[in-house]
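Asker: sequence and predicted structure are below.
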Amino acid sequence: MRFRVQPTAPFAFDLALAYLRTSPSSILEVISEDTYRRALRINGQDVLVTARAAGTALDVELAGRSLGPADQRTTELLVRRLFATDADVSTLVGDVQADPVFADLANRCVGLRPILIPDLFETIVWAIIGQQINVTFAAKCKRALVDLVGERLRVGDQEYLLFPGPERLAAVNEADLATIQFSRQKSRYVLNLSREISAGQLDLDELWHLPTDEALPRLEHVLGIGRWTAEYVLLRGLGHPDVIPAGDGGLRRIIGHAYGLGRSASETEVRQHAERWAGWRGYAAFYWWFALQQDAMTRGRLDHERRETARG
DNA sequence: ATCCAGGCTCCTG
DNA sequence: CAGGAGCATGGA
């Protein structure tokens, strides 16, 4: 089953793929030269979704058993949300001209939109895992969690991993999570979240209908979710375009560097800069993270080359 | 070796 | 109510 999605212009799928390729959160995505591929649960059924660039459009293919028109509709809405294909980004660069530093970055990111993590529960768990620790270790923890309780989808001779739902995660205990190097409090946050959702005490889907200023406090009410996590989830899970996790260590570091502070910017300083990106603060966060990842990759390559050279 | 990582909760004074 | 310890490990 296949269909086509036509994003608004400009749409830079290549930049989206470049982001996902280097993003530590992309454990389950399979990114190739021109495709995004991932196993997802659609209407209660496991499906392999492949999105491929086709000129200015996106070709989407579904592989799974007994798929119907309803599944296609659900997937189309999901894909359009994941890649923000309906957003009107035509005014972004013009809107941020008052800030030449960010305008320069925005010029290099034309057509890039904040890409979502496909599932809200996964987004929150990932954000909690990422609290305090470095992203490399966080990615390792997420991978270990999926290996521990994730499910698998076999398509042809390939196997794809699915992120566990709250019910599956609620079934494990602290000792299980300790074996994959979760701290006690992190286990507590994740298990509490999973159990509240499973028990019907917490309905994440309610968040879809709320504006930013109402969704934020509701998320922060959950154990283990503070301001950074709530803002991160609004951006990466719910697709709010104007939310910036200003306390983010990576953002503070690269923004401090970009504006010549010689140190990390404070959370307050990040929010002050962000006022000039009003309307696009989520995009800005995503673009800065993109720049950060590109820097890290360049550094990694240089280090590698240096080692190669040293070895002769 | 020491400090800080894509923070948060809880306890102290 | 501000400030700080603790978390579990890895990289700089």
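Answerer: Thanks, I have it.
Asker: and A:I128, how many neighbours does it have?
Answerer: 24 (other CB atoms under 10 Å). In this view, the C-beta of every residue, glycine as well, is placed from N, C-alpha and C.
Asker: hmm, I typed the wrong one, I wanted A:T74.
Answerer: Using other CB under 10 Å, A:T74 is surrounded by 16 other residues.
Asker: residues making contact with the helix or strand encompassing it?
Answerer: Element membership for A:T74 (DSSP states H and E) is helix A:69-82. Here helix A:69-82 makes contact (CB atoms under 8 Å, 6 or more residues apart in numbering) with A:1, A:3, A:5, A:40, A:42-43, A:45, A:47, A:49, A:51, A:58, A:60, A:62, A:64, A:85-86, A:115-116, A:118, A:239.
Asker: list of residues touching stretch A:101-110?
Answerer: Contacts of stretch A:101-110 (CB under 8 Å, 6+ apart): A:10, A:12, A:15, A:89, A:92-93, A:96-97, A:258-259, A:273, A:276-277, A:283-284, A:287-288, A:290-291.
Asker: one step back: so how far is the helix holding A:T74 from its chain's centroid?
Answerer: 18 Å (CA atoms, centre = their mean, to the nearest Å).
Asker: check which residues of that helix are buried.
Answerer: A:D71, A:Q72, A:T74, A:T75, A:E76, A:L78, A:V79, A:R80, A:L82 (16 or more other CB atoms under 10 Å).
Asker: check contacts around the closest residue to A:V5 other than its chain neighbours.
Answerer: Distances taken as CB to CB, 6 or more residues apart in numbering place A:L58 nearest to A:V5, at 4.5 Å, with adjacent residues excluded. By CB under 8 Å, 6+ apart, the contact set of A:L58 is A:R4, A:V5, A:Q6, A:P7, A:F13, A:A51, A:R52, A:V79, A:F83, A:T85.
Asker: Produce a PyMOL select command limited to the buried residues of the residues you listed.
Answerer: Applied in PyMOL, the following selects the buried portion of the contacts of A:L58 according to 16+ other CB under 10 Å:
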select buried, chain A and resi 5+7+13+51+52+79+83+85
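Asker: any chance of the contacts of A:L58 in a markdown table, plus secondary structure and distance to DNA strand C?
Answerer: Formatted as a markdown table, those follow (DSSP: H, G, I helix; E, B strand; the rest coil; distance: CB to the nearest atom of the strand, whole Å):
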| residue | secondary structure | distance to DNA strand C |
| --- | --- | --- |
| A:R4 | strand | 41 |
| A:V5 | strand | 38 |
| A:Q6 | coil | 41 |
| A:P7 | coil | 36 |
| A:F13 | helix | 30 |
| A:A51 | strand | 31 |
| A:R52 | strand | 33 |
| A:V79 | helix | 34 |
| A:F83 | coil | 31 |
| A:T85 | coil | 35 |
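Asker: reformat the contacts of A:L58 as CSV; add pLDDT and distance to A:N134.
Answerer: CSV is the format used below for the contacts of A:L58 (pLDDT from 0 to 100; distance: CB to CB, whole Å):
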residue, pLDDT, distance to A:N134
A:R4, 98, 40
A:V5, 98, 35
A:Q6, 98, 39
A:P7, 98, 34
A:F13, 97, 29
A:A51, 98, 30
A:R52, 98, 33
A:V79, 98, 31
A:F83, 98, 28
A:T85, 98, 33
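Asker: of all the contacts of A:L58, which comes closest to A:L235?
Answerer: The nearest member of those to A:L235, counting by CB to CB, is A:F83 at 14.5 Å.
Asker: you'd agree that closest one is up against A:A53?
Answerer: No. Between A:F83 and A:A53 there is no contact under CB atoms under 8 Å: 10.8 Å.
Asker: list residues touching both of those two?
Answerer: The contact sets of A:F83 and A:A53 overlap at A:F13 (CB under 8 Å, 6+ apart).
Asker: before we move on, back to that, just the buried residues of the contacts of stretch A:101-110.
Answerer: A:12, A:15, A:89, A:92-93, A:96, A:258, A:273, A:276-277, A:283-284, A:287-288, A:290-291.
Asker: farthest pair within those residues?
Answerer: Counting by CB to CB, the most remote pair of the buried ones among the contacts of stretch A:101-110 is A:A12 and A:H273, 23.7 Å apart.
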